[in-house]
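Enquirer: For reference, the sequence and a predicted model appear below.
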Amino acid sequence: MVIKGRNAAAIAIIVAIAAASPFIFIFGNDYITGTLTRILILGLLVLSVELAWGQTGMFTLGQAVFFGVGAYSAAVVAKDYGITDVIAILSVAGFAGLIIGLLIGAFLFTGRRVSELYVALFTLALAYAAQRLATSWSAIGAANGIPGIPFPTLFGLKLDSGPILFYLALVVFAIFFFICLWVVNSQFGLTMNAIRDDEERAEFFGYRRQTIQVLVFTGTAGLAAVGGGLFAITEGFVSPSLLGIALSTSAVLWVVLGGKGTFLGPLLALAILQILDRRMQDAFPQFWPIAIGGLLLITIVFLPKGIMSIPQVLRERKSQRVLRHSAPIREDIQ
Amino acid sequence: MKRKSMTVGSRGALRSVALLATVGLVLAGCSSSDTASETEAEATATQSETTEAAAEEEVDTSPIKVGVLTDLTGAFGIVGQSNQAVAQFTIDEINANGGILGRPVELVIVDSASDPAVGAQVASKLVNEDQVDVVIGGVASNMREAIKDIIATRGNTPYIWPASYEGNECTPNVWNVGAVPNQQVDPVVNRLLAEGKKTFFLTGNDYLYPRSVLAQVRKVVEAGGGEVVGEEYVPLDITDTSTLVSKVLASNADVLFEIIVLPATAPFIQGVVDGGFEGEIVGTLFDEAINGIIGTQADGLLGIQDYFATIDDTFSRDKVAEFAAAYPDEAGLFSATFNAPAWYRGLYLWKTAVEAAGTTDAAEVEKTMDSASYDALIGGPASMVPGTRHAQLTMYLGQMNADGSVTIIESLGSVVPEQCG
Amino acid sequence: MTLLVATNITKTFGPLVAVDDVSLTIDSNEVVGLIGPNGSGKSTLLHTLCGRTLPDSGSIKLNNREIARMSPIRRARSGMAIKFQLARIYGQKTVRENLLLALQAETSLIGLLFSRTRHRFDSDIEVLLSDFGLEDFVNVKAGELSHGAQQWLEIAMAMARKPALLLLDEPTAGMSPAERQSTGELITIAAQKCGILIVEHDLGFIRSMCDRINVMHQGSIVAVGTPSEIEKDERVKEVYLTRV
Ligand SMILES: Nc1ncnc2c1ncn2[C@@H]1O[C@H](COP(=O)(O)OP(=O)(O)OP(=O)(O)O)[C@@H](O)[C@H]1O
Ligand SMILES: [Mg+2]
């Protein structure tokens, strides 16, 4: 694997988080630790949206469905079957996500090419339906969800404190983050981008477009589901909103704000908003959701490539100004 | 060198993102209420008298922190706004009377946004960052389930659950001050049986609360020699209730016991009433507010609650009038189904427990709260039944009138919860 | 040897008969031209050959295999490659990445994931770069290339996997005479290994390149022949005089 500048930065971030994390034991309370843990877990969801949409052009507005499937299967396995080993739980969660993702991916992508909008509306509807289903299915707690999920164990050791759960999330996140980087930088990643940029063209080169889309979609579903499983065992409860439209659109929102097509931007946007969110929500409960909506619109209009493009946009602004000044001279030359 | 235009369709795609994300946000937050909130989170009455009195000895005069967790936004936003006002009202009253243990009481208010995942976050903030001495709140049971471990178990902080609910919450540090099914079901069902009404039709939405309550109804009906002639559960989002209505009408039952929540409440009850149903219609969610939802067909419905506006109790009436004057926006919303009496009750019972313990320490309060009791409460006296984590409550049977008022049919006195035994 | 046999191809768009009962053959190592006024149906015919649109009726045989109903992916995998009228390259990707994309299309997915062919194609890329004079732009984003260079890149990508049949829709559109000439040379070299169908408006170019020319008018092929035969054909003159 070639480590380019962008990857180096990504790796630097992971290393920095890992290096800074011991301070959690010293300074952090459970709330701060919990927030960081949640950022890492939702980070897996963000990565999955970025892979599906940012890298492959499959505009999924229902990625929380897989997150929720993972969360619920982890909850059932841990609570009803008493399996608490973290590797077993996350495997089950990921596997459940893969199966559901395969079914939905095959339905969406094995036929003729479908438009981005179709995929978006279909997955949005799916998220709505999934939440409704979970809300009325009494075997999985219906509207109440599944509370009281036991703490996970690793080789028989109980992982039952905030900082330990944080490290668990950090390790899982780091593993999948590097897998994502590896995939995107592989020849397969190049192909994903080709399908994103012009899927019909890719077909004319002979790429098995359907297979690739179904595979990627399935993989991202599995990734989101691992995140969901991790959520279930660290938070100790699952509820229908985990499968719903709100979380699905939030994930897309983080990707848009951060910059679709990059990994760091969306993760950064997620982290910033998560840290700000609770404080702002409590300080301005009526105003904050509107502010987020406004922020989204402003980003789309002025920063279509998200916060990661701010330096680039500033540079272009500057050169445009130079161009405008020199315009008369250029006319003279012509 | 010419710069080529962007890749295929990227502008169109962005526009659809904007559109869809907005749709999503709107869908997700559509029910968030836009009533102006009283964001007086920091309305701590700084009390000079207490400070002076404490100057002599080394007495702790730092404020006691009460965490208020409720759904200020989202589906239950309107309930949460009312809860917040009631909490503020109660704490202002406590502060005006010298606080607790001579210390002022301060509220820390957080919004759980009708989403348990958010609730878990803010619960952790209350307990771990604000380090409150107690948490009160939650509207729906799924919220309680999401936050109780974080507060009561991991956070080792008392948690007051102020709502009527399905029962069976027996976790240490959790205190249930709302009615449980037997408190709402037993008196009214026994009364109806005694009146000779023997056949019951039970229906509700398909989730935990209706199932638990209706299971209790069936138990009491069968124990009392009655008969359940129908039991039907419908999905939460059902709006077409015609099939259910015809089943009810065909059953010719003496009593319809129903727990159908919005949005189907109105069409269902209207359908049953207009269809000529002759029996009694009873529910656990009926109070003054039901009229606004179903209109004149509400006339004659029977409800059983821990409080109605028309109960014959001057203390309650005066307090609610005071509340209405202080919070004009929430004036009409002081109702049993909004848990208003339970919030008031929960805070005072906890105050009693802290005073008995002489400290806010969780382990000490766990002992004294077990038998806490207080009389000057809205809706009537209440006391914790030792060993049950639930409260014995004064209950009332009321009949809804066409004009939205409630006629008290019977004051049932204090009803004991059957819980955690 | 006959490479492609298309018989009685018809394609309508609503009331418009864009391709009307057209038959066409291409031999291996043959360069066939397809000319005709704007809107005469040339691109549409090409699209039915490559699978972008399915014909309403007719048969298309590539190496004696019926492909008229096959997906573009299977046609590509049976050795067909196309350069579209408007260059369709990956503007966000570098020239090298574009070429790699063309070359690796049949690498197994596992092979792609483990980047097994990333360097195996290096020499092929070098050859394509030098053949098409793109060496200096190897790490330039394809979208930033000049118009002509973009056309070359797409031709290079179409030729990358040495297809049996190459479909070129207006390969020299917008090129300078010098650029046209080098494009012609590249096509001549390519023709040694495959059959080529070229759609062009530039009659001089077509005449110098092609062994055989088809003339299309209002959806039908009105004349077929060697360049010199076509030049003398009365109907062809008529068609080109009525050209708008
Ligand atoms: N997808 C389509 N839907 C409807 N009409 C179409 C479609 N594609 C092409 N046409 C019509 O079919 C006719 C033939 O178009 P085609 O593009 O094949 O012509 P052409 O010979 O390639 O022209 P040019 O030299 O301008 O490229 C035109 O009238 C065109 O408008
Ligand atoms: Mg054309």
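Expert: Alright, I've got the coordinates. Since we're looking at a predicted model, the values are computed, not measured. Residues are numbered from 1 along each chain as shown, chains lettered A, B, ... in the order given. Ligands and ions are numbered 1, 2, ... in the order given.
Enquirer: With adjacent residues omitted, what lies nearest to residue 151?
Expert: If you meant another chain, say so; for now it's chain A. A:D160 (4.2 Å; CB to CB, 6 or more residues apart in numbering or on different chains). Glycine gets a C-beta too; all of them are placed from N, C-alpha and C.
Enquirer: should've been chain B
Expert: Nearest one to B:I151, counting by CB to CB, 6+ apart, is B:Y159 at 4.4 Å.
Enquirer: ok, that neighbour touching B:V134?
Expert: Yes. B:Y159 is within contact range of B:V134, at 7.4 Å (criterion: CB atoms under 8 Å).
Enquirer: Name the residue in the two with the higher neighbour count.
Expert: More neighbours surround B:Y159 than the other of B:Y159 and B:V134, with 32 against 28 (other CB atoms under 10 Å in any protein chain shown).
Enquirer: Distance-wise, check B:S124 relative to ligand 1.
Expert: 58 Å (CB to the nearest ligand atom, to the nearest Å).
Enquirer: so what does whichever strand or helix holds A:V92 touch, helix or strand wise?
Expert: Assigned by DSSP states H and E, A:V92 belongs to helix A:86-109. Other elements packing on helix A:86-109 under the criterion 3 or more CB pairs under 8 Å, 6 or more residues apart in numbering or on different chains; DSSP states H and E are helix A:64-80, helix A:116-136, strand A:153-154, helix A:209-235.
Enquirer: now those in TSV, with mean neighbour count?
Expert: Shown next, in TSV, are the helices and strands packed on helix A:86-109 (neighbours: other CB atoms under 10 Å in any protein chain shown):
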stretch	mean neighbour count
helix A:64-80	29
helix A:116-136	20
strand A:153-154	16
helix A:209-235	27
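Enquirer: how about TSV for these, with mean pLDDT added?
Expert: TSV is the format used below for those (pLDDT from 0 to 100):
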stretch	mean pLDDT
helix A:64-80	95
helix A:116-136	92
strand A:153-154	92
helix A:209-235	96
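Enquirer: between those, which one is nearest to B:I294?
Expert: In terms of CB to CB, the element of those nearest to B:I294 is helix A:116-136, at 22.8 Å.
Enquirer: With only the CA atoms kept, save that closest one in CSV.
Expert: Output of helix A:116-136 as CSV, limited to C-alpha atoms (Å, rounded to 0.1, in the frame of the first residue of the first chain):
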residue,chain,number,x,y,z
GLU,A,116,-28.9,8.3,-7.4
LEU,A,117,-32.3,9.8,-6.5
TYR,A,118,-34.0,6.4,-6.7
VAL,A,119,-31.4,4.8,-4.4
ALA,A,120,-31.8,7.7,-2.0
LEU,A,121,-35.6,7.6,-1.9
PHE,A,122,-35.6,3.8,-1.6
THR,A,123,-33.2,3.8,1.3
LEU,A,124,-35.0,6.7,3.0
ALA,A,125,-38.3,4.7,2.8
LEU,A,126,-36.5,1.7,4.1
ALA,A,127,-35.3,3.6,7.2
TYR,A,128,-38.8,4.8,7.8
ALA,A,129,-40.2,1.2,7.5
ALA,A,130,-37.4,-0.3,9.6
GLN,A,131,-38.1,2.1,12.5
ARG,A,132,-41.8,1.5,12.2
LEU,A,133,-41.2,-2.3,12.3
ALA,A,134,-39.0,-2.1,15.3
THR,A,135,-41.5,0.2,17.0
SER,A,136,-44.3,-2.3,16.7
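Enquirer: which outside residues touch it?
Expert: A:57-65, A:68-69, A:72, A:104, A:108, A:140, A:142-143, A:145, A:240-241, A:243-245, A:248, B:9, B:13, B:16, B:20, B:23-24, B:27, B:206-207, B:235-237 (CB atoms under 8 Å, 6 or more residues apart in numbering or on different chains).
Enquirer: dump the residue contacts of the residue nearest to B:I151.
Expert: B:134-136, B:147-148, B:151-152, B:173-175.
Enquirer: try B:P158
Expert: B:133-135, B:152, B:173, B:175, B:350, B:362, B:365-366, B:369.
Enquirer: ok, it to A:Q210 distance?
Expert: 58 Å (CB to CB, to the nearest Å).
Enquirer: With A:A291 instead?
Expert: 41 Å.
Enquirer: Equivalent analysis for C:E200, please.
Expert: Distance from C:E200 to A:Q210, by CB to CB: 34 Å.
Enquirer: contacting residues for the nearest residue to A:S138 once chain neighbours are set aside?
Expert: Closest residue to A:S138 apart from its sequence neighbours, by CB to CB, 6+ apart: B:D206 at 6.4 Å. Shown in contact with B:D206 (CB under 8 Å, 6+ apart): A:136, A:138, A:142, B:233-236.
Enquirer: For B:D206, give its distance to B:Y233.
Expert: Where B:Y233 is concerned, B:D206 sits at a distance of 4 Å (CB to CB).
Enquirer: And for B:D60?
Expert: 52 Å.
Enquirer: out of those two, which sits in the busier spot?
Expert: B:Y233 (18 against 12).
Enquirer: ok, back up a step: which among the contacts of B:P158 gets closest to chain C?
Expert: Of all those, B:A152 has the smallest distance to chain C: 48.1 Å, by CB to the nearest CB.
Enquirer: can you count the residues close to that closest one?
Expert: Under the criterion other CB under 10 Å, the count of neighbours that B:A152 has is 24.
Enquirer: who are the neighbours in contact with it?
Expert: B:158-159, B:171-174.
Enquirer: Identify the farthest-apart pair in the residues you listed.
Expert: The widest separation within these (CB to CB) is 11.2 Å, between B:P158 and B:T171.
Enquirer: which of the contacts of B:D206 lies closest to C:S182?
Expert: For the contacts of B:D206, the nearest to C:S182 is A:S136 (68.6 Å; CB to CB).
Enquirer: How much space separates the closest one from ligand 2?
Expert: Remark: distance between A:S136 and ligand 2 (CB to the ion, to the nearest Å) = 55 Å.
Enquirer: same deal with C:L129?
Expert: 28 Å.
Enquirer: hang on, isn't A:L295 packed against A:G258?
Expert: No. With contacts counted by CB under 8 Å, A:L295 stays clear of A:G258, the gap being 11.9 Å.
Enquirer: neighbour count winner among these two?
Expert: A side-by-side neighbour count of A:L295 and A:G258, using other CB under 10 Å, places A:G258 first with 29 against 15.
Enquirer: Do you know the pLDDT at the more buried one?
Expert: As predicted, A:G258 sits at a pLDDT of 90.
Enquirer: List the residues that contact it.
Expert: Here A:G258 is in contact with A:46, A:264-270, A:306-308 (criterion: CB under 8 Å, 6+ apart).
Enquirer: what secondary structure does the residue in the stretch 1-150 of chain A positioned nearest to ligand 2 sit in?
Expert: Closest residue of the stretch 1-150 of chain A to ligand 2, CB to the ion: A:R113 (21.7 Å). Classification of A:R113 by DSSP: H, G, I helix; E, B strand; the rest coil places it in coil.
Enquirer: quick one: it from B:E231, how far?
Expert: 50 Å.
Enquirer: Give me the subset of the contacts of B:Y159 lying in helices.
Expert: Judged by DSSP state H, helices contain the following of those: B:147-148.
Enquirer: Between the contacts of B:Y159, identify the one with the most neighbours.
Expert: B:V135 (31 neighbours).
Enquirer: does chain A sit close to the strand or helix carrying B:V365?
Expert: Per DSSP H and E, B:V365 falls inside helix B:362-369. No. Using CB under 8 Å from any CB of the partner chain, helix B:362-369 never reaches chain A; the gap is at least 15.5 Å.
Enquirer: list the buried ones in that helix?
Expert: Buried residues in helix B:362-369, counted by 16 or more other CB atoms under 10 Å in any protein chain shown: B:362, B:365-366, B:368-369.
Enquirer: For the residue of chain A found nearest ligand 2, give its distance to C:L112.
Expert: Proximity of chain A to ligand 2 (CB to the ion) peaks at A:F204, 16.1 Å away. Distance, A:F204 to C:L112, using CB to CB: 18 Å.
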